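**Q** Sequence and predicted structure below; questions after.
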Amino acid sequence: MLKGKTRMLIAIAMLSSISFVLMLLAFPLPALPAYLKVDFSDIPALIAAITMGPLAGILVAFLKNVLDWLFAGSPTGVPVGHMANFVTSILFLTPVYLIYRKATSSKGITFGLACGTISMAIGMSVLNYYVFLPMYAYFLNFPMETGTALFNSIIFGILPFNLIKGILVAIVMIVLFKRMKPLLDKVTHSFGTANIN
């Protein structure tokens, strides 16, 4: 049991490192605000979640943000963006894990990724409106958009961004899943009761 936990911690550390590197390769999308950038750092977190349990996936998402904060810092001095990214990862990977646990197949992972994309897009729209954008305005000490302007920023910026990001991550994850399914099953079985749930 102890050996299994040690192996799991090593796997989480490795996946967190890969996730951090992928986070550095972020890129903006045309016609959307430049500060919104797509990266594929949630893929290692998804792999951790479906092979070792949801807490493992959350740990990978948390550690990648800690590493990025230490490496790149934050314009506000407070890691608001990293907190938002962490919450985004949780909103995305949780539905994937819950659905994949019931249906460990290509259809299961595809449906889970679709639900994760919707969860992330809607959840982050609400949280940006009420939490993260007000935090940015407060810590950067600039006037915040309100009313219709803020609503439009969410509807025409943040919502489509997260939908597109979710679709892109889902496509890559599905391709990897089809190629790695036997390996993922083997890894899941090898950890067995050591899974972090």
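**A** Sure, I can see it. Numbers count the residues shown, from 1 in each chain.

**Q** Where is the longest helix in this protein?
**A** helix 159-191 (DSSP state H).

**Q** Average pLDDT for that helix, rounded please.
**A** Taken as a whole, helix 159-191 has a mean pLDDT of 91.

**Q** And the residue sitting nearest the centre point of the chain, how far from F156?
**A** Closest to where the C-alpha atoms of the chain average out (CA atoms, centre = their mean) is S89, at 2.4 Å. Going from S89 to F156 by CB to CB, to the nearest Å gives 24 Å. Glycine gets a C-beta too; all of them are placed from N, C-alpha and C.

**Q** do the same with I12
**A** 37 Å.

**Q** which one of the two has more residues nearby?
**A** I12 (21 against 13; other CB atoms under 10 Å).

**Q** Spit out the contact partners of that one.
**A** A48, M52, A56, L59, V60, L63 (CB atoms under 8 Å, 6 or more residues apart in numbering).

**Q** low pLDDT regions in the protein?
**A** 1-3, 76, 144-145, 192-197 (pLDDT under 70).

**Q** all strands of it, in order?
**A** 27-28, 37-38 (DSSP state E).

**Q** List the contacts of the last one.
**A** By CB under 8 Å, 6+ apart, the surrounding residues in contact with strand 37-38 are A26, F27, P28, L29, F161, I164, K165, L168.

**Q** now with 6 Å?
**A** A26, F27, P28, K165 (CB atoms under 6 Å, 6 or more residues apart in numbering).

**Q** For it, what is the distance to the chain centroid?
**A** Distance, stretch centre to chain centre, for strand 37-38: 12 Å (CA atoms, centre = their mean, to the nearest Å).

**Q** Mind listing the strands that strand pairs with, and their directions?
**A** strand 27-28 (antiparallel) (DSSP bridges).

**Q** What segments of this structure are helices?
**A** Using DSSP H, helices in the chain cover 2-24, 42-52, 54-72, 80-102, 106-127, 133-140, 147-153, 159-191.

**Q** want to throw those helices into a markdown table with distance to P33?
**A** As requested, the helices of the chain are arranged in a markdown table below (distance: least, CB to CB, whole Å):
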| stretch | distance to P33 |
| --- | --- |
| helix 2-24 | 18 |
| helix 42-52 | 20 |
| helix 54-72 | 19 |
| helix 80-102 | 13 |
| helix 106-127 | 14 |
| helix 133-140 | 12 |
| helix 147-153 | 8 |
| helix 159-191 | 8 |
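
**Q** Identify, out of those helices, the most deeply packed stretch.
**A** helix 42-52 (a mean of 27; mean count of other CB atoms under 10 Å).
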